[in-house]
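1. Give me the fold of what follows.
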Amino acid sequence: MSPSMASTAAAAWVRSCAWRAVADPKARKPMIAVDPRNRMPMASPTSTRPQPPRRCGGGGGIPAKLQFDDATGKVRILTGAMDSGQGHRISYMQILSEKFGIDVENIEVLQGDTDLTPPGFTGGSKSIPVGGASILGAADKTLEKGRRIAAQILETADVDIEFADGRFTVAGTDRGIDLFELSRQSRDPANLPEGEEPGIDSENDHTNEAPTFPNGCHICELEVDAATGTVEITKYTVVDDFGVTLNPMLLEGQVHGGIVQGLGQAWTEHTVYDPDSGQLLSGSLMDYQMPRAAEMPHVNFITRNVRCTTNPLGVKGAGEAGAIGAPPAFVNAVLNAVRSTRPEVDTLDMPLTPLRVWHALND
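-> Here you go, the predicted model:
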């Protein structure tokens with residue numbers, strides 16, 4: 001490393017829900033992330049209101065329906081959540097595939113069609129902790145009803161019916177009926193117990209009484225060129241606890257994308273207005289610098305997962321995790337580098353463009 005380069009690292013401890021749970025509401029105080037080297041505050045909420053349960057995977061609002069298509073032998077998930085690249089569709093299919101013991105090829109997902117799907121939304125890291133839990137609950141209702149109908153068709157007691165690998169069976173025998181065949185036969189009132197409605201379609205609106213509490217640590221190592229103010233990230237490590245992981249590849253991709261978004265905010269992205277007219281001066285990508293692959297580091301992503309106890313899937317919200325941790329880790333690393341030669345500098349404002357870093361080092 002040349003004499004003009006300062007190398008440093010900073011860590012940002014991240015909790016997606018920003019309030020410490022305490023018995024006395026008057027003692028509630030904001031949590032702050034702290035740079036372990038310089039003890040510099042990195043992020044703090046501006047409000048001291050109690051944490052509502054709708055935050056980070058809490059609350060409700062994403063119901064689900066299950067509909068069986070007897071003609072095609074498939075089951076359709078209808079949800080008000082809308083996938084915009086996060087991978088909800090395959091995650092929902094995985095939940096139902098595991099619960100029913102059927103192939104994902106037998107599952108369809110319909111999102112965002114307001115003529116057919118229940119109401120809902122996407123946000124707050126709720127799509128899996130709440131929307132996924134609604135699907136799981138709907139599946140439980142289907143199996144509960146299916147067990148009663150299977151007992152009627154197989155001429156046995158409800159308690160003797162077992163379900164595994166997409167099939168209802170009489171315990172201790174080879175007598176049974178396939179889930180989709182049961183759906184077909186359940187349309188006939190003659191096959192139903194007294195008072196039972198035809199079909200095994202179901203719907204469920206799950207509400208989590210408490211939010212999830214994902215947590216993690218981002219460590220950003222970088223070098224700053226004192227002559228030009230340019231920054232090079234040499235290593236980026238993140239350790240996260242997201243509870244039960246449904247799809248490791250999708251989860252890692254979500255974190256990678258969030259980190260790039262957070263680094264873009266902290267490093268280059270800047271909306272500039274003319275101070276006199278208010279005219280936007282950075283209205284195109286010629287003037288507004290988005291994150292570029294050449295500048296982004298390889299992300300060493302590690303999980304240390306602990307099952308969540310506030311929802312039946314055991315998952316924790318992951319939607320904003322990368323974007324939450326990256327800005328304070330990056331800014332504090334640059335600040336550490338600047339303070340190695342200018343100890344009187346105690347703060348830096350985003351974005352840390354080369355010009356802004358150069359001024360911090362030389363003014």
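
2. ok, which stretches of the stretch 51-200 of the chain are helices?
-> Using DSSP state H, counting those that start in this stretch, the helices of the stretch 51-200 of the chain run over 88-100, 133-153, 179-185.

3. For residue 218, which of those is the nearest?
-> Residue 218 lies closest, by Cβ to Cβ, to one member of the helices of the stretch 51-200 of the chain: helix 88-100, at 24.0 Å. To be clear about C-beta, it is placed using only N, CA and C from the backbone, and glycine gets the same treatment.

4. what mean pLDDT does that closest one have?
-> What helix 88-100 shows for mean pLDDT is 95.

5. Could you export the helices of the stretch 51-200 of the chain to JSON lines, including columns for mean neighbour count and distance to residue 232?
-> Below are the helices of the stretch 51-200 of the chain laid out as JSON lines (neighbours: other Cβ atoms under 10 Å; distance: least, Cβ to Cβ, whole Å):
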{"stretch": "helix 88-100", "mean neighbour count": "20", "distance to residue 232": "36"}
{"stretch": "helix 133-153", "mean neighbour count": "21", "distance to residue 232": "43"}
{"stretch": "helix 179-185", "mean neighbour count": "20", "distance to residue 232": "56"}
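
6. Which one of the ones you listed lies nearest to residue 306?
-> The nearest among these, by Cβ to Cβ, is helix 133-153 at 18.0 Å.

7. Summarise which helices and strands the closest one is packed against.
-> strand 64-69, strand 74-79, helix 88-100, strand 161-164, strand 167-170, strand 176-178, helix 179-185, strand 202-204 (3 or more Cβ pairs under 8 Å, 6 or more residues apart in numbering; DSSP states H and E).

8. ok now the last one, how far from the chain's centre?
-> Here the centre of mass of C-alpha atoms in strand 202-204, compared against the chain's by Cα atoms, centre = their mean, to the nearest Å, lies 23 Å away.

9. same check, this time on the fourth one
-> The offset between the C-alpha centroid of strand 161-164 and the centroid of the whole chain comes to 33 Å, using Cα atoms, centre = their mean.

10. For it, name the packing helices and strands.
-> The contact analysis (3+ Cβ pairs under 8 Å, 6+ apart) places strand 161-164 against helix 133-153, strand 167-170.

11. got it, and the longest one?
-> For helix 88-100, the elements it packs on are strand 74-79, strand 107-111, helix 133-153, judged by 3+ Cβ pairs under 8 Å, 6+ apart.

12. Output the helices and strands packed on helix 133-153 in a markdown table; the columns should cover distance to residue 219.
-> Compiled in a markdown table, these are given as follows (distance: least, Cβ to Cβ, whole Å):
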| stretch | distance to residue 219 |
| --- | --- |
| strand 64-69 | 38 |
| strand 74-79 | 36 |
| helix 88-100 | 28 |
| strand 161-164 | 45 |
| strand 167-170 | 49 |
| strand 176-178 | 51 |
| helix 179-185 | 48 |
| strand 202-204 | 41 |
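
13. Which among those is found nearest to residue 233?
-> Taking Cβ to Cβ, helix 88-100 is the member of the helices and strands packed on helix 133-153 nearest to residue 233, at 30.2 Å.

14. Show residues contacting the closest one.
-> Helix 88-100 is contacted from outside by 66, 75, 77, 79, 81-83, 102-104, 107, 109, 111, 122, 127-128, 131-132, 135-136, 139-140, 143, 166, 179, 246-247, 250, 313, using Cβ atoms under 8 Å, 6 or more residues apart in numbering.

15. Got a PyMOL select line for the buried ones in those residues?
-> Entered in PyMOL, the line below selects the buried ones among these, by 16 or more other Cβ atoms under 10 Å:
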select buried, resi 66+75+77+79+81+82+83+102+107+109+111+122+127+128+131+132+135+136+139+143+179+246+250+313
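
16. Which residues outside stretch 269-283 are in contact with it?
-> With contact meaning Cβ under 8 Å, 6+ apart, stretch 269-283 is reached by 287-291, 351, 353.

17. Same list (the helices of the stretch 51-200 of the chain) but as JSON lines, adding distance to residue 274.
-> Formatted as JSON lines, the helices of the stretch 51-200 of the chain follow (distance: least, Cβ to Cβ, whole Å):
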{"stretch": "helix 88-100", "distance to residue 274": "41"}
{"stretch": "helix 133-153", "distance to residue 274": "48"}
{"stretch": "helix 179-185", "distance to residue 274": "64"}
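
18. What backbone torsions are found at the closest residue to residue 290 other than its chain neighbours?
-> Once flanking residues are discounted, residue 290 sits nearest to residue 264: 6.1 Å by Cβ to Cβ, 6 or more residues apart in numbering. Reported as degrees, to the nearest 10, the phi and psi values for residue 264 are phi -60, psi -40.

19. Residue 223 now?
-> Backbone torsions of residue 223, given as degrees, to the nearest 10, read phi -120, psi 140.
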